[in-house]
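>>> sequence first, predicted coordinates after that:
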Amino acid sequence: NAGVTQTPKFQVLKTGQSMTLQCAQDMNHEYMSWYRQDPGMGLRLIHYSVGAGITDQGEVPNGYNVSRSTTEDFPLRLLSAAPSQTSVYFCASSYSFLRSDHYGYTFGSGTRLTVV
Amino acid sequence: KNEVEQSPQNLTAQEGEFITINCSYSVGISALHWLQQHPGGGIVSLFMLSSGKKKHGRLIATINIQEKHSSLHITASHPRDSAVYICAVPGNQFYFGTGTSLTVIP
């Protein structure tokens, strides 16, 4: 089924561990992004990409790395997990960043991450 | 400073009631999105609108670009409408409201 596939759905990490959240879309979307969602704060942008080979920081990029080697994939890496990174993470993509309405904005199902 | 403000934050309604959720924004936009997030679930796009009104089943979304305001209405509300409703405004990035948590009681 076409859409945004995000894995894993749940993850528990120990402080200092590293991991990669995977995000893949098969809709040939240019724009991909990662958000974290915390209670009372809404969705906050971590990193985004407007195409293969192009990434940029969002509102809360510290502690996270991204890369976009292909149009389809946009993994999010936590280099050294901290309890402050306990959150729900969403990947999202849209057809065109150049269109200001972000046509066809689609979210992944989310990853619930706990850092202990 | 919040570019997108939603109200109310929480809303409890009896089944069958007419519901209104409001969204005000400060950034200039060409379109606004209404999203729905079910408990423990993902986020789906309900509407994208740039002017006037859109209707999908019992859901109606309106927008007034001049006043920078949008509303989401639910007619004849049902317990399955219980969810968090989020408005989002695209710009250089997406700006999200903090969401309105709706509970519809049978």
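It's in.

>>> doesn't A:S84 fall inside a helix?
Yes: counting by DSSP: H, G, I helix; E, B strand; the rest coil, A:S84 is found in a helix.

>>> can you pull the contacts of it?
Counting by CB atoms under 8 Å, 6 or more residues apart in numbering or on different chains, A:S84 makes contact with A:G63, A:V115. Every residue, glycine included, has its C-beta placed from N, CA and C.

>>> next one: it from A:Y64, what distance?
Here A:S84 is placed at a distance of 12 Å from A:Y64 (CB to CB, to the nearest Å).

>>> residues in contact with B:E3?
Counted by CB under 8 Å, 6+ apart, B:E3 has contacts B:Y25, B:S26, B:V27, B:V89, B:Y95.

>>> actually B:S45, sorry about that
Counting by CB under 8 Å, 6+ apart, B:S45 has contacts A:Y105, A:T106, A:F107, B:H33, B:W34, B:L35.

>>> per-residue confidence at A:E30?
Looking at A:E30, its pLDDT stands at 89.

>>> let me see the mean pLDDT of the helix or strand encompassing B:E5.
Element membership for B:E5 (DSSP states H and E) is strand B:4-7. The predicted model gives strand B:4-7 an average pLDDT of 94.

>>> list of residues touching it?
B:21-27, B:85-89, B:95-100.

>>> neighbours around the residue of chain B found nearest chain A, how many?
Closest contact between chain B and chain A, by CB to the nearest CB, is at B:A31 (3.5 Å). Neighbours of B:A31 under the rule other CB atoms under 10 Å in any protein chain shown: 20.

>>> next: B:I43.
B:I43 has 24 nearby residues by other CB under 10 Å.

>>> can you pull the contacts of it?
A:F90, A:A92, A:F107, A:G110, B:L35, B:Q36, B:Q37, B:I86.
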